[in-house]
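Chemist: A structural model of the following input is requested.
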Amino acid sequence: MDKDTINILVFGHTTFGIRPLRMKKESIRVAAYLLIVFQLLITFFFCDYIQIKKKTFLLNQLRQESQIQRSHIHLFSIKIGELENRLSALKDIDRRIRIIANLERGQEMLPFIGMGGSSFSATRGKSVPRGKSVEEAKIEKPKPQEPNGQELKESELTKEGDPPLHTTDLPIETIPERQ
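Modeler: This next block holds a predicted model:
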């Protein structure tokens, strides 16, 4: 039985003398295993605690940044609202000035200057409202008419949709003579 137990002698300061302490080897092994498991658990919880602290620190930083960004967005939205109010007031003033100066139609119409096509097209000199493409302007073209007031048939139109021109339909241009 001596091989299954460990004897430990404890010396004390008291008059009782030496105290013997006997422990079985199996109980020492179990205590050692429990001590190792307990140490691993403490290490795991300590590391987990450190990670949680880091995450809460980062979370607080992100909350502060989010609050700052919300305040900036709110400030910018207020400034944008003010600019929209100013812009609408300026547009109203511009509209009034254009009415006073009789420039209302000049803003909406653009001439066909510099556009391709035949030189004697039926649309020469006409304007397209601003913001509309040439295709939209062609769609809105009135039906071509003969000089006597009759409408032309589709068969009389060319590929581009222009009516055949007569010598009386040509625009009159004044060209200064060279001297």
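
Chemist: Low-confidence stretches in the chain?
Modeler: Within the chain, the stretches with pLDDT under 70 are 1-2, 104-179.

Chemist: Do you have the helices of it handy? List them.
Modeler: 25-100, 104-108, 134-139 (DSSP state H).

Chemist: and these as CSV, adding distance to Thr5?
Modeler: (Each C-beta comes from the backbone N, C-alpha and C, glycine too.) Below are the helices of the chain laid out as CSV (distance: least, CB to CB, whole Å):
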stretch, distance to Thr5
helix 25-100, 7
helix 104-108, 110
helix 134-139, 107
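
Chemist: Could you point out which of the ones you listed sits nearest Gly17?
Modeler: Of all the helices of the chain, it is helix 25-100 that lies closest to Gly17, at 24.8 Å by CB to CB.

Chemist: Any chance of the helices of the chain in a markdown table with mean neighbour count as columns?
Modeler: Formatted as a markdown table, those follow (neighbours: other CB atoms under 10 Å):
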| stretch | mean neighbour count |
| --- | --- |
| helix 25-100 | 10 |
| helix 104-108 | 11 |
| helix 134-139 | 12 |
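
Chemist: so which of these gets nearest Ile6?
Modeler: Nearest of the helices of the chain to Ile6, taken as CB to CB: helix 25-100 at 6.4 Å.

Chemist: Which elements pack onto the closest one?
Modeler: Helices and strands touching helix 25-100, by 3 or more CB pairs under 8 Å, 6 or more residues apart in numbering; DSSP states H and E, are strand 5-11, helix 104-108.

Chemist: quick check: angle from it to strand 5-11?
Modeler: Angle, helix 25-100 to strand 5-11, by axes from the mean of the first three to the mean of the last three CA atoms, to 10 degrees: 80 degrees.

Chemist: Please shift the residue numbers so they start at 23 in all later answers.
Modeler: Happy to do that; since the first residue is 23 now, the last one works out to helix 47-122.

Chemist: how near is Lys47 to Asp26?
Modeler: Taking CB to CB, to the nearest Å as the measure, Lys47 falls 6 Å from Asp26.

Chemist: Just list the residues touching Val32, thanks.
Modeler: Going by CB atoms under 8 Å, 6 or more residues apart in numbering, Val32 touches 40-43.
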